[in-house]
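Chemist: fold the following and give me the result.
(one chain, ligands or ions: 1)
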Amino acid sequence: MRGVVISGSGLYQPPQVITNAELVASFNAYADLQNAKNAARIAAGELTAIPHSSVEFIEKASGIRQRYVLDKTGVLDPTRMKPRFAPRPDDQLSLMAEIAVDAAKKALAAAGREGKDVDGVLCAAANMQRAYPAMACEIQAAVGAGGYGFDMNVACSSATFAIEQAANAVRSGSAHCVLVVNPEITSAHLEWRDRDCHFIFGDVCTAVIVEAEDRATSTDRWQVLGTKLVTQYSNNIRNNAGFLNRCEDTDPDARDKTFMQEGRKVFKEVVPMAAAHIEQHLHALGFEPTHVRRYWLHQANLGMNQLIVKRLVGQEVGDDIAPIILSEYANTASAGSIIAFHHHRSGLQAGDVGVICSFGAGYSVGSVVVRRL
Ligand code: CO8
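Modeler: Below you'll find the model as predicted:
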């Protein structure tokens, strides 16, 4: 079996930032408008007034302080509450491919590769811009890659699940160099009018290059020691948007056509699941959780990450063991653990072991154990 390495990563970060203060001001303006519009029904007891959101709650409950988005104006407009994107003609690069190509080119440059060296492209994200052709085929053409491309979606675990597919393709010899790219335009599938979740997500795109160890030339190589994936069906994170909607004659703007979750249940159920998954994976590879130099975890909630690592290593740890990026980026679905890996791996020494781990809707958990070469 061929050895496999991650030889480079790239990050596209949208230029626009929404702070919690801006977000809460716009949500509260939206709530006031709705409550004024529905004043008679609220007074008659037919409707409940929408309560205000608060910066203090958001920071305490989630650890999120701001998020990057592709369009801030539409999101913050209390009469709109969603980003505004201009439709593009079919002969122009699509928005999702545009941010994917940016991150992909940075990852290729970091790995010392060009598009023509790539013979597999996996576009792995929580949402795809269209049904077909696959986003991966458009990205493949735009970066000048050969081979094949396909899309895959395992919500927040899309990136780690794709790294396993890429590593297996390289191991088996069906590809030599695979681009895994995670364009997450979460702002389009977040319900900005729902106080319980309006603060959760941000937009971003990450990319990694997965290639054969004997061919890699990058000085920053991370040997993939193992990958482990698991899914367990749950309705606690759900989005019913889909191609059957128009045939069901349902409202495309109904609440169930955007991100919905039972946040408390997710928290309670996913923490033990993710911690047990990582522990089992490490044991299977002959490591103890305390041997791990760094955990690059999915970034959904600060408390969740702290609890998972505490279960693993038996004590609270700081950013040096488990870096947090969600205060700056919020939850970026599948890209979160890869942003952490991208920004926080430079201090590790040859031989150091790290774990990239995602968890999210499905439920799904994916771990990639790597060693610095
Ligand atoms: N401001 C003020 N108060 C608020 C607000 C707000 N914005 N929101 C809720 N409250 C109030 C509630 O009304 C409640 O009041 P009361 O006690 O009087 O009933 C109180 O605050 C507590 O509310 P919660 O119980 O909901 O608060 P929590 O402490 O549980 O925190 C969280 C909510 C932050 C959502 C938390 O539960 C959490 O982070 N859970 C884990 C979430 C998670 O990990 N989700 C995974 C998502 S990742 C994924 O797979 C994504 C799928 C694909 C994404 C697609 C793109 C969109």
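
Chemist: in the stretch 101-250 of the chain, what residue lies closest to the ligand?
Modeler: The stretch 101-250 of the chain approaches the ligand most closely through Cys156 (3.4 Å), counting by Cβ to the nearest ligand atom. The C-beta positions use only the backbone N, C-alpha and C, and glycine is treated the same way.

Chemist: who touches that residue in this structure?
Modeler: 126, 298, 300, 331, 333-334, 336, 358-361, 364 (Cβ atoms under 8 Å, 6 or more residues apart in numbering).

Chemist: roughly how far apart are the nearest residue to Ala31 once chain neighbours are set aside and the ligand?
Modeler: In this structure, Ala31 finds its nearest non-sequential neighbour in Ile50, 4.0 Å apart by Cβ to Cβ, 6 or more residues apart in numbering. From Ile50 over to the ligand the distance is 11 Å, taken as Cβ to the nearest ligand atom, to the nearest Å.

Chemist: ok, Ile50 touching Asp194?
Modeler: No. The pair Ile50 / Asp194 is not scored as a contact, 9.6 Å apart, by Cβ atoms under 8 Å.

Chemist: can you give me the strands in the stretch 151-300 of the chain?
Modeler: 177-184, 204-212, 222-231, 237-238, 260-261, 294-297 (DSSP state E, counting those that start in this stretch).

Chemist: out of those, which is the most enclosed?
Modeler: Ranked by mean neighbour count under mean count of other Cβ atoms under 10 Å, the strands of the stretch 151-300 of the chain are led by strand 177-184, which reaches a mean of 32.

Chemist: what's the mean pLDDT across it?
Modeler: Mean per-residue pLDDT for strand 177-184: 98.

Chemist: each with direction, which strands does it pair with?
Modeler: Here strand 177-184 is paired, per DSSP bridges, with strand 120-124 (parallel), strand 204-212 (antiparallel).

Chemist: distance from the chain centre to that strand, please.
Modeler: 12 Å (Cα atoms, centre = their mean, to the nearest Å).

Chemist: and the strands of the stretch 151-300 of the chain as CSV, adding distance to the ligand?
Modeler: Listed next are these as CSV, based on distance: least, Cβ to the nearest ligand atom, whole Å:
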stretch, distance to the ligand
strand 177-184, 7
strand 204-212, 12
strand 222-231, 12
strand 237-238, 5
strand 260-261, 5
strand 294-297, 11
